[in-house]
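J.: Structure for this input, please:
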Amino acid sequence: MNESGLSPFDFARSAERFSIQSQADRLQQKGLQRLQQEEGRVERWVLEPEGLRWRFDFTKQCIDGDAWSALKSLAEEADWKGARDAQFSGGIINSTEGRAVLHMALRGAPSDGFAFAGKPVMPEVVATREAFLDFADAVRSGGYPATDGARFTHVVNIGIGGSDLGPVMVHEALAAARMQEGSPLEVRFVSNVDPLHLDMALAGLDPARTLVVIVSKTFTTQETMANARRALAWLEFGLGASAGHHLAAVTSNVPGAADMGIAEGRVFGFDNWVGGRFSLWGPVGLAIALGSGAAAFRALLDGARAMDRHFVEADADRNVPLHLALIEIWNVNFMGHTSRAVLPYAQALHRLPAYLQQAEMESNGKAVGRDGLPVSWATHPVVWGEPGTNGQHAFHQLLHQGTQAHPVDFIAFKQPMGSDSDMHRLLLNNALAQSEAFCMGRGLASVQAEMAAAGGQKERIEAVAPHRSFPGGRPSTFMLGDALDAFSLGGLIAAHEHKIFLEGLFWNIYSFDQWGVELGKALAQQLDKEGASERWTPGSEALRKLL
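T.: Residues are numbered from 1 along each chain as shown. Model prediction:
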């Protein structure tokens, strides 16, 4: 093990040693439907971590105790506990960039012992937290007014990637609470360098009532700064020299923010041990606090911290992040599944699939191991999805009857998010019915009997019944929360963050860099330069002449 606490791990050799593929072959022969008949399946495969308000149901995954034992042995050989402890202690586990990965500190309590290079980080984390949350509540209350002394009514958050997807996902998820409690601010989000995105966000807004938040760690991100400059011009056209009063920044580049007229008291930074796609817990989440208030933001942090404590303290057989990670390893590397659908049965979570796409695919979409050599096994699957019940009238057809099986994550809540409890019951009934249908399917004989009972003719039954049968055996996990509130949402997000970390450990890849996003950005910047040194393909060169 090196100084980071992570050493190269031979996934393929360990998998062979523990005969995991033979377990998968055995269970594929047995089938998911027969596994449902096992005594004690609910007691073993449903996890309800104390105090977290979540029920994680893995009963409809094609796995049993023997398979889990083999997977757990693989995790132990990878030293998942030691690697976890190295991360929490500030080890340089992002080795290609020489950085620690301590986003958990952003939701930590003052008494938590997070440290980097021997220096406690919580004093600075808490000071920054209090500063940006105080600012958010001051804007909401009118304590920080617009230049004319009146209250702000709108916020435009400008960022991209982790500076957008996390905040917008959480903001949308907390919509029900804002509707019930009221909010003095409407928050809009801009990420795309397509000018229409900013045009749409600013449409109908008054510069005198609008606060613009610019989120860029370096204040050099091409797309973000292009949008920021246009937004500043819009403010200056309406407000003149006082436009800077309507700006706030989340960045470590204080001089860069000052150049745009943003006073240091409205600049909130974060350290290099926070990666962009794991940063919503700190000042990157300013827009969340502006929209929902500091109290809701603190509840979000509390839920995530509760999941952190569960991850650290729970043993392997009851540890939710470990189950999420090992079951995905199982589905990808031993069951041969290439994608996972995320189906939130909650309209407010409509941005969750996109958020998880970035968090998971940018983290673990890698083909080079920690030893610098190509890996010989599949790494992360494609993550995709839409809210239920919309998907039932679209892509669920492929999930039920397509030639390939795609594991599914269902996410639902006991308490209604809207004003009609009967409709919420209908929503939950649909979620449960879909998970049951994916698992059990419907055999040909059952369809034939139903059609015959309805008076169908033999020829018609023989012709149509095969089209109405479902193979079943499609694995799924059902995550049921008590309520879609800030605390529960924090726990759900943190569980997936720890899942990402563990998967990278088992696949022997570095989860916390993202070199794959850099090349296209670099080439895009060259297009506006004379005499670019890069060689272009004939097709690209022809396109350049048209642009």
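J.: List the buried residues for stretch 375-385?
T.: By neighbour count with 16 or more other Cβ atoms under 10 Å, stretch 375-385 contains the buried residues 375, 379-381, 383-385. Where you see a C-beta, it was placed from the backbone N, CA and C, and this is true even at glycine.
J.: Ok, stretch 46-62 next?
T.: 47, 49, 52-62.
J.: same deal with stretch 393-406?
T.: 395-396, 399-400, 405-406.
J.: and the residues you listed, which of them are in helices?
T.: Residues from the buried residues of stretch 393-406 lying in helices, with DSSP state H as the criterion: 396, 399-400.
J.: count of neighbours near residue 195?
T.: 11 (other Cβ atoms under 10 Å).
J.: May I have the residues that are in contact with it?
T.: residue 230 (Cβ atoms under 8 Å, 6 or more residues apart in numbering).
J.: so how far is residue 231 from it?
T.: 11 Å (Cβ to Cβ, to the nearest Å).
J.: Please apply the same query to residue 269.
T.: 20 Å.
J.: ok so, going back, looking at the buried residues of stretch 393-406, which one is closest to residue 301?
T.: Nearest to residue 301 out of the buried residues of stretch 393-406 is residue 406 (Cβ to Cβ; 33.3 Å).
J.: Can you list phi and psi of that closest one for me?
T.: phi -130, psi 110 (degrees, to the nearest 10).
J.: what's the nearest residue to it if we skip its chain neighbours?
T.: Nearest non-adjacent residue to residue 406, counting by Cβ to Cβ, 6 or more residues apart in numbering: residue 339, 5.0 Å away.
J.: ok, the one you found touching residue 385?
T.: No. The criterion here is Cβ atoms under 8 Å, and residue 339 misses it with residue 385 at 9.7 Å.
J.: biggest helix in the protein, by residue count?
T.: helix 486-507.
J.: buried stuff in that one?
T.: Neighbour-count burial for helix 486-507 [16+ other Cβ under 10 Å]: 486-507.
J.: Repeat that for stretch 416-432.
T.: Applying 16+ other Cβ under 10 Å to stretch 416-432 flags 416-417, 424, 427-428, 431 as buried.
J.: what helix or strand is the spatially most central residue of the chain on?
T.: Central residue of the chain (Cα atoms, centre = their mean): residue 356, 2.9 Å from the mean position. Here residue 356, judged by DSSP states H and E, is contained in helix 352-356.
J.: what's next to the helix or strand following that helix, contact-wise?
T.: Downstream of helix 352-356, the first helix or strand assigned by DSSP H and E is helix 363-364. The contact list for helix 363-364, computed with Cβ under 8 Å, 6+ apart, reads 277, 379-380, 500, 503-504, 507, 509, 511-512, 514.
J.: what about the next helix or strand after helix 363-364, average pLDDT?
T.: Towards the C-terminus, the helix or strand next in line after helix 363-364, according to DSSP H and E, is strand 382-384. Per-residue pLDDT over strand 382-384 has a mean of 98.
J.: For residue 333, which three-state class applies?
T.: At residue 333, secondary structure determined by DSSP: H, G, I helix; E, B strand; the rest coil is helix.
J.: Neighbours of it, how many?
T.: Residue 333 is flanked by 21 other residues according to other Cβ under 10 Å.
J.: ok now do the residue nearest to residue 406, which residues does it touch?
T.: 381-384, 406.
J.: Taking these together, which two end up most distant?
T.: 383 and 406 (10.6 Å).
J.: Break this protein into its domains for me.
T.: Listed domain ranges for the chain are 11-90+314-440+474-513, 103-297, 518-546 (source: automatic domain parsing).
J.: Now tabulate those domains in a markdown table and tack on distance to residue 307.
T.: Listed next are these as a markdown table, based on distance: least, Cβ to Cβ, whole Å:
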| stretch | distance to residue 307 |
| --- | --- |
| domain 11-90+314-440+474-513 | 4 |
| domain 103-297 | 9 |
| domain 518-546 | 31 |
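J.: quick one: which of those domains is nearest residue 308?
T.: domain 103-297 (5.1 Å).
J.: one step back: residue 453: which of the domains of the chain is closest?
T.: Nearest of the domains of the chain (Cβ to Cβ): domain 11-90+314-440+474-513, 19.9 Å.
J.: Residue 261 and residue 241: what is the separation?
T.: From residue 261 to residue 241 the distance is 8 Å (Cβ to Cβ).
J.: do residue 224 as well
T.: 24 Å.
J.: ok, those two, which is more surrounded?
T.: Under the criterion of other Cβ under 10 Å, the comparison of residue 224 against residue 241 puts residue 224 first, with 25 against 9.
J.: in which helix or strand would I find that one?
T.: helix 222-239.
J.: which residues in the stretch 201-350 of the chain form helices?
T.: Along the stretch 201-350 of the chain, counting by DSSP state H, counting those that start in this stretch, helices occupy 222-239, 254-259, 286-292, 294-313, 320-329.
J.: Just the buried residues of the shortest one, please?
T.: Using 16+ other Cβ under 10 Å as the test for burial, helix 254-259 gives 256-257.
J.: related to what we said a few turns ago, compare residue 269 and residue 231 (neighbour count), which wins?
T.: Neighbours were counted for residue 269 and for residue 231 using other Cβ under 10 Å; residue 231 has more, 25 against 18.
J.: Wait, the more buried one touches residue 197, no?
T.: No. Residue 231 is not in contact with residue 197 according to Cβ under 8 Å; the separation is 11.3 Å.
J.: Find the residues that touch each one of the two.
T.: With Cβ under 8 Å, 6+ apart as the test, residue 231 and residue 197 both reach residue 190.
J.: who touches stretch 468-476?
T.: 31-33, 60-62, 331, 335, 337, 399-401, 405-410, 435, 437-444, 446-447, 451.
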